[in-house]
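J.: Curious how this folds, go ahead:
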Amino acid sequence: MGMNLSWKSDFQAAYKNSSDLYQFLGWDGPGPVVENQYPIFIPQGLAKKIKSQGKEGVLAKEFLPDGRELSDAGLADPIGDKEHFKAPQLIHRYASRALFTPTSICPVHCRYCFRKNELNASDELFEVNFAKTLQYLKDHSEISEIIFTGGDPLTLSNEKLETYLQAFSEIPSIKDIRFHTRYPVILPSRLDDGFKNLLQNYSAKFRTVSLAIHANHADEFDLESITKIQELSKLNIQLLSQSVLLKDVNDNLQALLDLFNQFISLKVRPYYLHHPDQVKGGLHFYLPLEQGRKLYGLLRTNLPGWALPHYVIDIPGGSGKVGAFNPETLGFSGQLLGLNGVQVPVQEPDLFTI
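T.: Okay, here's the model as predicted:
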């Protein structure tokens with residue numbers, strides 16, 4: 001029980017306003033104007049890492065408020081969540097799998113987040129009616145995988161997660177469970193014994209249980225996170241990685257190699273490298289698709305094939321993830337889809353559904 005209290009106290013002690021945060025950092029901040037639109041939430045352990053790295057470090061760029069977030073350019077719902085919102089807390093975009101959004105709360109507010117304009121409890125994505133959710137899943141037996149997302153699903157207590165897992169395990173067509181989370185690198189104390197026991201117990205009730213760990217830079221890892229992920233690797237679950245390609249954060253070969261080699265050393269299979277979404281408030285992280293393709297081409301020559309993540313892009317409007325790289329057409333400028341001055345090269349033969 002002590003471990004559980006520990007992570008909750010770490011969560012409660014996070015910095016929630018720019019005044020306290022920048023007083024700790026000892027730096028000048030942008031003032032409260034950004035946080036009025038996009039709130040701040042930074043655990044103290046992460047704040048210490050940001051401070052030690054400095055205001056020009058990649059952690060500051062990922063997590064500290066920036067005046068450029070107030071730009072009106074971009075899309076409030078860049079990947080079309082609302083187009084595929086089918087039942088309470090359920091997004092059904094692909095035939096065989098559904099996204100389950102049981103919480104809008106995260107252990108950190110990433111400034112590039114594709115849901116940064118949706119992450120509030122009043123958004124329809126997070127309205128609770130679990131009976132309706134279950135009925136939809138029972139009526140759609142083509143859905144074999146439930147993907148816990150949010151927010152961050154690990155914000156929920158172990159008891160609440162078990163309630164959901166037990167209910168899903170009683171629907172015969174649901175065979176696979178996946179969690180997407182930032183907790184292992186942002187607030188590792190969350191990975192307590194109760195949570196590990198939960199994963200281990202339910203790995204016997206589903207075909208697979210997967211945990212996709214979201215990190216974008218090797219600097220996000222520390223001894224505590226490494227130790228906790230090593231403990232997870234001993235369980236009967238799949239560990240996957242999820243990363244976003246971000247301008248001025250990891251848009252160079254060495255940063256990506258360091259990141260994926262860190263994952264590999266922790267027995268985490270590289271899974272997704274997302275091209276950044278054209279989200280309102282996050283376009284300063286955007287880079288041209290052609291630049292991302294060139295970087296991915298270099299990754300292909302520097303990592304073994306089994307260690308290469310899928311490089312994907314979410315097509316605006318809700319069509320879903322498509323493969324963003326094809327070596328035969330590297331350098332093709334292609335058809336341009338314009339969005340508020342941002343040009344995205346897309347060529348249909350390049351793209352295959354992931």
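J.: Please make it C-alpha for all contacts and neighbour counts, starting now.
T.: Fine.
J.: Run through the helices of the chain in chain order.
T.: 2-12, 18-25, 33-37, 44-53, 58-63, 130-139, 158-169, 183-186, 193-202, 223-232, 253-265, 289-302 (DSSP state H).
J.: Buried ones in the longest one, by neighbour count?
T.: Of all the residues in helix 289-302, those buried under the rule 16 or more other Cα atoms under 10 Å are 289, 290, 292, 293, 294, 295, 296, 297, 299.
J.: what residue is smack in the middle of this structure?
T.: For the chain, the residue nearest the mean C-alpha position is residue 214 (5.1 Å; Cα atoms, centre = their mean).
J.: Return the set of residues that bridge with that one.
T.: According to DSSP bridges, the partner residues bridging residue 214 are residue 242.
J.: re earlier: kindly indicate which of the buried residues of helix 289-302 lies nearest residue 232.
T.: The closest of these to residue 232 turns out to be residue 299 (Cα to Cα; 26.6 Å).
J.: isn't that closest one right up against residue 253?
T.: Yes. Contact criterion Cα atoms under 8 Å: residue 299 and residue 253 qualify, at 6.9 Å.
J.: Listing request: residues of the chain with sub-threshold pLDDT.
T.: Where the chain drops to pLDDT under 70, the residues are 1-5, 78-86, 119-127, 316-320, 326-354.
J.: buried sites along stretch 204-214?
T.: Residues of stretch 204-214 classed as buried by neighbour count (16+ other Cα under 10 Å): 205, 206, 208, 209, 210, 211, 212, 213, 214.
J.: What of stretch 214-226?
T.: Buried positions in stretch 214-226, judged by neighbour count with 16+ other Cα under 10 Å: 214, 215, 216, 217, 218, 219, 220, 221, 225, 226.
J.: Need these in a markdown table (columns: distance to residue 163).
T.: Conversion of these to a markdown table gives the following (distance: Cα to Cα, whole Å):
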| residue | distance to residue 163 |
| --- | --- |
| 214 | 24 |
| 215 | 28 |
| 216 | 31 |
| 217 | 34 |
| 218 | 34 |
| 219 | 35 |
| 220 | 31 |
| 221 | 31 |
| 225 | 27 |
| 226 | 29 |
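J.: Surely the residue nearest to the centre of the chain is in contact with residue 242?
T.: Yes. Counting by Cα under 8 Å, residue 214 does reach residue 242; the two are 4.6 Å apart.
J.: got the end-to-end distance for stretch 77-90?
T.: 16 Å (Cα to Cα, to the nearest Å).
J.: Over to stretch 280-287?
T.: Using Cα to Cα, the end-to-end distance of stretch 280-287 comes out at 15 Å.
J.: which outside residues touch it?
T.: Identification of contacts with stretch 280-287 by Cα atoms under 8 Å, 6 or more residues apart in numbering yields 68-76, 111-114, 116-117, 246-248, 276-278.
J.: For the stretch 51-200 of the chain, which segments count as strands?
T.: Using DSSP state E, counting those that start in this stretch, the strands of the stretch 51-200 of the chain run over residues 85-87, 90-94, 97-100, 145-148, 176-181.
J.: beta partners for residue 321?
T.: Here residue 321 shows beta-bridge partners residue 314, assigned using DSSP bridges.
J.: how many other residues sit next to it?
T.: Residues lying near residue 321 (other Cα atoms under 10 Å) number 21.
J.: Let me know whether it touches residue 315 as I believe.
T.: Yes. Counting by Cα under 8 Å, residue 321 touches residue 315, with 6.5 Å between them.
J.: what residues are up against residue 272?
T.: Counted by Cα under 8 Å, 6+ apart, residue 272 has contacts 241, 242, 243, 309, 310, 311, 312.
J.: If we use 7 Å, what do you get?
T.: Taking Cα atoms under 7 Å, 6 or more residues apart in numbering, we find residue 272 in contact with 241, 242, 243, 309, 310, 311.
J.: now the nearest residue to the last one once chain neighbours are set aside: how far from residue 322?
T.: Closest residue to residue 311 in three dimensions, ignoring its sequence neighbours and counting by Cα to Cα, 6 or more residues apart in numbering: residue 273, at 4.7 Å. Relative to residue 322, residue 273 is positioned 12 Å away (Cα to Cα).
J.: Alright, I will stop here.
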